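**Q** I need the structure of the sequence given here:
(chains A, B, C, D, E and F)
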Amino acid sequence: MDTGLTQAENRQLEARLQKRQVKEFMNVFANLVDNCFTACVDDFTSKAMSSRENGCISRCVLKSMSTQTRLGERFGELNAAMAQDMQNRQN
Amino acid sequence: MDTGLTQAENRQLEARLQKRQVKEFMNVFANLVDNCFTACVDDFTSKAMSSRENGCISRCVLKSMSTQTRLGERFGELNAAMAQDMQNRQN
Amino acid sequence: MDTGLTQAENRQLEARLQKRQVKEFMNVFANLVDNCFTACVDDFTSKAMSSRENGCISRCVLKSMSTQTRLGERFGELNAAMAQDMQNRQN
Amino acid sequence: MSFFGMGRAQPTSAEKIAAVENELKVVAEMHSRMVKICTLKCIDKTYREGELSKGESVCLDRCAAKFFEAHTSISEQLQKETANRGGGGFMG
Amino acid sequence: MSFFGMGRAQPTSAEKIAAVENELKVVAEMHSRMVKICTLKCIDKTYREGELSKGESVCLDRCAAKFFEAHTSISEQLQKETANRGGGGFMG
Amino acid sequence: MSFFGMGRAQPTSAEKIAAVENELKVVAEMHSRMVKICTLKCIDKTYREGELSKGESVCLDRCAAKFFEAHTSISEQLQKETANRGGGGFMG
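**A** Below is the predicted model of the structure:
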């Protein structure tokens, strides 16, 4: 992306983006926990996770990671195509 | 609203509020997309929207805009009434 | 928590945390209203709350406060245990 | 709705602006929550029509009024309960 | 996706950085909303398998494409409607 | 829960305060998510009673314990998987 920034500005931006990435990772993590816990944990007759629940959570984490990866790829492609499309219309 | 601000402070506030309004518009837009997509798109046998889905989304957008307008009016009235009420109690 | 901050830094932190606490209280309040309204109000044949709805909301508020208190205690205990656990592993 | 007082002596410009901004933010968030909840309560999710039906319109008006009423009564109840429990309140 | 123009004369460094940051934030939020919605639409909630099934994978791809299409068409419709209603728009 | 290290040399005051604030914010957000989820899992939505029943109280306690356990095990699994996939991880 041509941002029209100087090198010094780019370094500042870089630092801001790193903080943002940490924040985004935390959000993905929180959503994953909430989603897998909600889907897998339903038995409150004990305060420890059952092996069934642990298995479900573990599969949920794996599937969520694959979902994240796959949608990340699609998002990148679609976003690039859209940006290209907008540029074409402007010319 | 009597904010007790000087003119210079009001200009600063104005600038902040403009940014906030952009942000709020983005939120309304995001909620509208999520809501209409969730309600209207359910057929994943194709990667292009069907005419039925497009029609549903288009009606959903119209109805959501009317909802936004109507609730905006009500909110304004109720908020003013509440502010008046609170002032009366203080006197 | 040993934060490794000087006294002056601690005072600054204190001020930031007070703002954060106000914000968190507002969030708890907003979630409580949304939750109790969603659970208790379903009759839109009138624009005033019925006594049944008011009773439901009032009980919902009480129960939500107890929930908040109870989970707050559990959270504190579990968080302390986890911190202890992490420290033990590091040594 | 005035949750944030400006009671301390001589607030700075930045503080005064932040206080007004905060107050407007609180109102805007309440508005946005109301739209979300009243849409869920009142709007037919099939979207067979692009216009609000008479029933939906009336439902929205009443939902808005009830949302404000609930807001006020819950706020009062919380103040009372917190006072009863001796200040510390339920926030732990 | 360029919602935020940088059209005014001589923006400061901080303004330029904030503008780029904002643009990336908008994109990241759209991504996160897409993940949430397409997970709801496509992923079997029993989690009997740890791998995406063929059906789930294809559903995610199509959901992503449709989400972008809906985004674009809603954005265009909003612009048209707002223009029709005379600028003030539905934000009151 | 220490996600944010302060490992670099000589952080400024502002950085140190932000780090502590961040850590507390992460904890507060986890608390708030737990309240939301365990309320959904344990509390009867009819609100016929204003007090927690014995069953609800016990359910909340166990839900809290399980939520922490899930948090820890998911965090460990993610670290392992990310290491296996060679660092880049699933964030693309």
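**Q** Only C-alpha atoms from now on, for both contacts and neighbour counts.
**A** Fine.
**Q** what about the helix or strand where A:Thr67 lies, distance to the chain center?
**A** Element membership for A:Thr67 (DSSP states H and E) is helix A:51-90. Centroid separation between helix A:51-90 and its chain, computed with C-alpha atoms, centre = their mean, to the nearest Å, is 8 Å.
**Q** Do that helix and chain F come into contact?
**A** Yes - applying C-alpha under 8 Å from any C-alpha of the partner chain, one finds helix A:51-90 touching chain F at A:57-58, A:61, A:65-66, A:68-69, A:72-73.
**Q** Quick one: mean pLDDT over that helix.
**A** Mean pLDDT, computed over helix A:51-90, is 95.
**Q** That helix near chain E anywhere?
**A** Yes - for helix A:51-90, a contact with chain E is found by C-alpha under 8 Å from any C-alpha, at A:56-63, A:66-68, A:70-72, A:74-75, A:78-79, A:82-83.
**Q** list the buried ones in stretch A:46-59?
**A** Residues of stretch A:46-59 classed as buried under the neighbour-count rule (16 or more other C-alpha atoms under 10 Å in any protein chain shown) are A:47-49, A:53-59.
**Q** Residues touching it, excluding its own?
**A** Applying C-alpha atoms under 8 Å, 6 or more residues apart in numbering or on different chains, the external contacts of stretch A:46-59 come out as A:36-37, A:40-41, E:46-51, F:61-63, F:65-66, F:69-70, F:74, F:77.
**Q** Could you list which of the residues you listed also contact chain C?
**A** Okay, of those touching chain C (C-alpha under 8 Å from any C-alpha), that's F:61, F:65.
**Q** thought A:Leu32 was touching A:Leu62?
**A** No - contact criterion C-alpha atoms under 8 Å: A:Leu32 and A:Leu62 do not qualify, at 10.3 Å.
**Q** average pLDDT across the helix or strand encompassing D:Ala70?
**A** Per DSSP H and E: D:Ala70 is located in helix D:54-84. On average, the pLDDT along helix D:54-84 is 96.
**Q** how about it, does it reach chain F?
**A** No - using C-alpha under 8 Å from any C-alpha, helix D:54-84 stays clear of chain F, coming no nearer than 12.8 Å.
**Q** what comes up buried for that helix?
**A** Within helix D:54-84, the residues that count as buried by 16+ other C-alpha under 10 Å are D:56-71, D:73-74, D:78, D:81-82.
**Q** One more: stretch A:82-91?
**A** Quick answer for stretch A:82-91 (16+ other C-alpha under 10 Å): A:Met82.
**Q** Geometric centre of chain A: which residue is closest?
**A** For chain A, the residue nearest the mean C-alpha position is A:Val28 (4.8 Å; C-alpha atoms, centre = their mean).
**Q** Show me what the helix or strand where that one lies is packed against.
**A** Element membership for A:Val28 (DSSP H and E) is helix A:7-40. Counting contacts by 3 or more C-alpha pairs under 8 Å, 6 or more residues apart in numbering or on different chains; DSSP states H and E, helix A:7-40 is packed against helix A:51-90, helix E:13-42, helix F:13-42, helix F:54-84.
**Q** okay if I get those helices as a markdown table plus distance to A:Leu17?
**A** Listed next are those as a markdown table, based on distance: least, C-alpha to C-alpha, whole Å:
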| stretch | distance to A:Leu17 |
| --- | --- |
| helix A:51-90 | 18 |
| helix E:13-42 | 7 |
| helix F:13-42 | 16 |
| helix F:54-84 | 21 |
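**Q** Out of the ones you listed, flag the one nearest C:Thr6.
**A** Closest to C:Thr6 of the helices and strands packed on helix A:7-40, according to C-alpha to C-alpha: helix F:13-42, at 8.7 Å.
**Q** so what's the backbone phi/psi at the residue nearest to A:Ala39 when sequence neighbours are not counted?
**A** In space, and not counting its chain neighbours, A:Ala39 is closest to E:Lys45: 6.1 Å by C-alpha to C-alpha, 6 or more residues apart in numbering or on different chains. Dihedral angles of E:Lys45 (phi, psi; degrees, to the nearest 10) stand at phi -80, psi 0.
**Q** ok, A:Cys40 - how many residues close by?
**A** Residues lying near A:Cys40 (other C-alpha atoms under 10 Å in any protein chain shown) number 20.
**Q** most neighbours, which of the residues of helix A:51-90 next to chain F?
**A** A:Ile57 (28 neighbours).
**Q** count of residues packed around the residue nearest to A:Ala39?
**A** By the criterion of other C-alpha under 10 Å, E:Lys45 has 15 neighbours.
**Q** Distance check, it against F:Cys38.
**A** Using C-alpha to C-alpha, to the nearest Å, E:Lys45 is found at 19 Å from F:Cys38.
**Q** And for A:Gln84?
**A** Distance of A:Gln84 to F:Cys38, computed by C-alpha to C-alpha: 45 Å.
**Q** Just the pLDDT for A:Thr6.
**A** In this prediction A:Thr6 is given a pLDDT of 85.
**Q** distance of it from chain C?
**A** Going from A:Thr6 to chain C by C-alpha to the nearest C-alpha, to the nearest Å gives 33 Å.
**Q** list the contacts for that residue?
**A** Counting by C-alpha under 8 Å, 6+ apart, A:Thr6 has no contacts.
**Q** since we're on D:Ser13, how many residues are nearby?
**A** So D:Ser13, with other C-alpha under 10 Å, has 16 neighbours.
**Q** Name the nearest residue to it, ignoring sequence neighbours.
**A** D:Ser13 sits nearest to B:Glu9 (C-alpha to C-alpha, 6+ apart), 6.5 Å away.
**Q** Looking at the one you found now. What's its pLDDT?
**A** At B:Glu9, pLDDT is 85.
**Q** Report the separation between it and D:Ala28.
**A** From B:Glu9 across to D:Ala28, the span is 21 Å (C-alpha to C-alpha).
**Q** now swap in A:Ala39 and tell me
**A** Going from A:Ala39 to D:Ala28 by C-alpha to C-alpha gives 33 Å.
**Q** got it, and A:Arg16?
**A** The spacing between A:Arg16 and D:Ala28, counted by C-alpha to C-alpha, is 27 Å.
**Q** And D:Ser75, by the same measure?
**A** From D:Ser75 over to D:Ala28 the distance is 18 Å, taken as C-alpha to C-alpha.
**Q** ok, now A:Ala80?
**A** A:Ala80 sits 34 Å away from D:Ala28, going by C-alpha to C-alpha.
**Q** can you tell me which residues contact A:Asp43?
**A** Under the criterion of C-alpha under 8 Å, 6+ apart, A:Asp43 has no neighbours.
**Q** What about it? Give its phi and psi, please.
**A** Dihedral angles of A:Asp43 (phi, psi; degrees, to the nearest 10) stand at phi -110, psi 110.
**Q** So for chain D, the centremost residue is which one?
**A** For chain D, the residue sitting closest to the mean C-alpha position, by C-alpha atoms, centre = their mean, is D:Met30 at 3.4 Å.
**Q** ok, for that one, nearest residue in space, not its chain neighbours?
**A** Sequence neighbours aside, C:Ala30 is the residue nearest to D:Met30 in space, at 7.9 Å (criterion: C-alpha to C-alpha, 6+ apart).
**Q** How many residues are close by residue 22?
**A** Went with chain A since none was named. By other C-alpha under 10 Å, 13 other residues sit near A:Val22.
**Q** Chain D was what I was after
**A** Neighbour tally, D:Asn22, other C-alpha under 10 Å: 15.
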